[in-house]
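[1] Dropping a prediction and its sequence here:
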Amino acid sequence: MNNGRFCFLADQYYKDFPDEYLMRNKEVVDGVLRDRPCFFAFQERETPEIFWLVPISSNYTKYKALYDKKVERYKKCNTIRFGKVLGKQAAFLIQNMCPVTERYIREVYIDKNGVAIQIDGRIAQDIIANAREVLAISKRGAKIIFPDVNIIHKALREQIAQQKA
């Protein structure tokens, strides 16, 4: 898995980490079961086996309003970022990100030609930089990310250690 790829989580992740604040997998849209949410992935520096997944939403208007409120109140918002995915505006929900290993990545999001979906490199770097800043704030004890990523991260590190042993 490379930085900046989009992917979907395996159902097993939700079974192994039953956090009520994780964005749920597979939603019904117009009576059809869809793979949602799609996640933007980037690799952790400290433990390269771990990737952080940032869910994306096509509900740009909703998240732009939330972003604007946060900027008005705090003069900054690094928990929601924006960019185009497949030519459409999308919100990158850093506030909902979660750690995973490749074991829990079901598949990479590909286009109709079988090519992995990517975004502009500047947008990818902005998302990664803001996500790392949010992670640093979270590690200092602030509840800035909705899922309990510290518990999930610890469990993933334990899985990795067991595999190496």
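    Arrived safely, thanks for sending.

[2] So which residue is dead centre in this protein?
    Centroid-nearest residue in the chain, with Cα atoms, centre = their mean: residue 54, separated by 1.4 Å.

[3] Tell me the secondary structure at residue 54.
    strand (DSSP: H, G, I helix; E, B strand; the rest coil).

[4] outside of stretch 143-157, which residues touch it?
    Here stretch 143-157 makes contact (Cβ atoms under 8 Å, 6 or more residues apart in numbering) with 16-17, 19, 21-22, 47, 49-50, 79, 94-101, 134-135, 137-139. C-beta here means a position set from N, CA and C on the backbone, and glycine is covered the same way.

[5] rerun that using 6 Å as the cut-off
    17, 19, 21-22, 50, 95-96, 98-99, 101, 134, 137-138 (Cβ atoms under 6 Å, 6 or more residues apart in numbering).

[6] Would you indicate which residues of it are buried?
    144-149, 152-153, 156-157 (16 or more other Cβ atoms under 10 Å).

[7] just those residues now: which is nearest residue 165?
    For the buried residues of stretch 143-157, the closest approach to residue 165 (Cβ to Cβ) belongs to residue 157, at 12.6 Å.

[8] Next one: the closest one from residue 164, what distance?
    Remark: distance between residue 157 and residue 164 (Cβ to Cβ, to the nearest Å) = 11 Å.

[9] cool, and residue 49?
    The value you get for residue 49 to residue 164, if Cβ to Cβ is used, is 9 Å.

[10] who has more neighbours, the two?
    residue 49 (16 against 7; other Cβ atoms under 10 Å).

[11] Run a quick neighbour tally on the residue nearest to the more buried one when sequence neighbours are not counted.
    Leaving aside its chain neighbours, residue 49 sits nearest to residue 160 (5.1 Å; criterion: Cβ to Cβ, 6 or more residues apart in numbering). Residues near residue 160, counting by other Cβ under 10 Å, number 16.

[12] is it true that residue 160 touches residue 48?
    No. Residue 160 lies out of contact with residue 48 (Cβ atoms under 6 Å); the separation is 9.8 Å.

[13] Poorly predicted segments of the protein, please.
    1, 25-36 (pLDDT under 70).

[14] And the helices in it?
    11-16, 60-74, 121-139, 149-164 (DSSP state H).

[15] With respect to burial, which of the ones you listed scores highest?
    helix 121-139 (a mean of 16; mean count of other Cβ atoms under 10 Å).
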